[in-house]
Every structure is written in C-alpha cells, then in structure tokens.
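Colleague: the following block contains a protein sequence and its predicted model.
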Amino acid sequence: MWGIVPAAGTGSRIQPLAFSKELLPVGSRLDNGIERPCAVSEYLVERMIHGGANKICFVISPGKSDIMEYYGASYGSASMAYVVQPQASGLCDAIFQATPLIPSDESVIVGLPDTVWFPEKALAELPDDVLSFLLFPVDNPDVFDAVILDEAKRVQEIQVKRSDAGSRWIWGAFKMPGHLLKALHELWISRDRQDEYFGTLVNAYLAQGGAAVGVQAGESYVDVGTLHGYRAAIGLLSEAAQHDTITGARVALGWPAGRLPRGLHDLNRE
C-alpha cells in the first residue's frame, strides 16, 4: 500500500521559517533512548504506516530538498519516494504528481502533513475497495472541507470551506484503490485541471455516478499550519506525554481506545 504526502505548499500561514513547514518541530520522540524533536509530518507518516502503508511518496516543490534529507530512503518499516511538483498548483495537482508510481491493484492513502490527529490507528478503519474518507468532528467546519453523508454513510457532497457548512464532520485523510486514483486523474484532466481542491473534484465524480463513503472514526484533529494550531498541538502533545498509559517509542502517543487526555476534544477549535 502507498501513502501520498502532498508537501509542496509554501506554508504561508506560519512563515517565516528557515525550513520546510513539514519539518516544523512539534513534540518529541525517542530515538534509541534519546529524546529528540519530532517533525510535524512524522505524525502523518506513522499513521500511514499504522494504516498499512509500506511505501510513502512525498510530493515536494523544487526548493524542499530538506525533506528528502530528513527522511532519506526509509522511515520505520516504509520505503520513501519523492516526486516534484514544479509549481504550487493546489492539492489535486500535488496528489496526481504521484500517480505514475501507484499500481492500479494497490491501495493508496492520502493525508496532510501539517496535521496531528487521533486515534493514531484510525486509517485501519477505511475499506480498500472504494473511495473512503476518514472523518473528524470539529467546531469550525467552515475552515475545512465538511462532508455530508446519508444514512448509509455514503458521501453526498463535500463542502469546501463553506461558511454555511451542513456538517461538523470534516475529512482528515482518504483512501482508495490505485485504479480509482487513475480514474480521478483522468476526470481532473477532462475538467481542464481546474479543480484546485480535492473536494470539488470528488463532487464531480459523485455527479457522474461515482461512490464514496465516510468513516467517522476520528476523534480529534488539529491543523498545525497556523500559529493557533501549532500552540494547540504543543499543548495536546505536552499533556499526552504526562499521561500514565503512554507506551512505545513515541512520546505523546498510545493510550487505550476511549481514553483521551483531558481537553483533547477542544483542540480542534482553530
């Protein structure tokens, strides 16, 4: 299974930085018993690995060689690959830069590298054979992409940053079979590559008879791409690091299902 990490954006909301925003230190991790800073994108990479990905492709801009230097050829059990998006032209363009690498018979996960969310193994809840969205409840869906579901949890519409959002559930990551990624790429090309946001392309896909499902397995979601979100993520991870049920090598992760550190559900207020 592949994971695609679109990392070609400029990070204008949290600049100036002397490095790519995906390498912004947020929390810490243990490396051979030594605590060191943890890049924000590592949280997504680890969640993709928990979701079954064994190959991860970063889509970077020409000036983001520091991401390649940071991750190198592998991370944990996953091999790393890199493709270049020549110009920052939106999420759809970034995702489809990786299309030539993805076999039609393999699944692919897509997530955003400047986010921190829980539970860390939620991607494992997504099915392999259909376009599926991992959904999170937030108090401000107007700044995200709200997902409208029917009673059977089928996606009816994605409302992209709408002030009158009809749902408090937003997508934080999604999964699909490789052949569907290629079909969506062809649809995007047929629409003259005008879709900047993935949500508008999915709406066109649904209008043509396509199907997608939403899985409400997410509990908390923080966008670290703003200063407010950065502070919220630091608070989230600092509190989690003191939690007495934390296990494993990752500082700040790993509590039992149903038990979240106090205040965690409030951290998605951006």
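Modeller: Arrived safely.
Colleague: can you give me the strands in the stretch 151-270 of the chain?
Modeller: 155-160, 169-177, 212-215, 220-223 (DSSP state E, counting those that start in this stretch).
Colleague: okay if I get the ones you listed as TSV plus distance to residue 195, mean pLDDT and mean neighbour count?
Modeller: In short, each C-beta sits where N, CA and C put it, glycine included. Output for the strands of the stretch 151-270 of the chain, formatted as TSV (distance: least, C-beta to C-beta, whole Å; pLDDT from 0 to 100; neighbours: other C-beta atoms under 10 Å):
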stretch	distance to residue 195	mean pLDDT	mean neighbour count
strand 155-160	10	98	20
strand 169-177	15	98	25
strand 212-215	15	98	20
strand 220-223	21	91	26
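Colleague: residue 58 is nearest to which of the ones you listed?
Modeller: With C-beta to C-beta, the closest approach to residue 58 among these belongs to strand 169-177: 15.2 Å.
Colleague: and that closest one, how far out from the chain middle?
Modeller: Centroid displacement of strand 169-177 relative to its chain, using C-alpha atoms, centre = their mean, to the nearest Å, is 8 Å.
Colleague: could the C-alpha coordinates of it be exported in CSV?
Modeller: Output of strand 169-177 as CSV, limited to C-alpha atoms (Å, rounded to 0.1, in the frame of the first residue of the first chain):
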residue,chain,number,x,y,z
TRP,A,169,-17.6,16.2,10.2
ILE,A,170,-14.6,17.0,8.1
TRP,A,171,-12.2,14.8,6.2
GLY,A,172,-8.7,14.4,7.5
ALA,A,173,-7.4,11.7,5.2
PHE,A,174,-8.7,9.4,2.5
LYS,A,175,-8.0,6.1,0.9
MET,A,176,-8.8,4.5,-2.5
PRO,A,177,-7.7,1.7,-4.8
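Colleague: separation between the residue nearest to residue 225 when sequence neighbours are not counted and residue 2?
Modeller: In space, and not counting its chain neighbours, residue 225 is closest to residue 114: 4.3 Å by C-beta to C-beta, 6 or more residues apart in numbering. As judged by C-beta to C-beta, to the nearest Å, residue 114 and residue 2 stand 20 Å apart.
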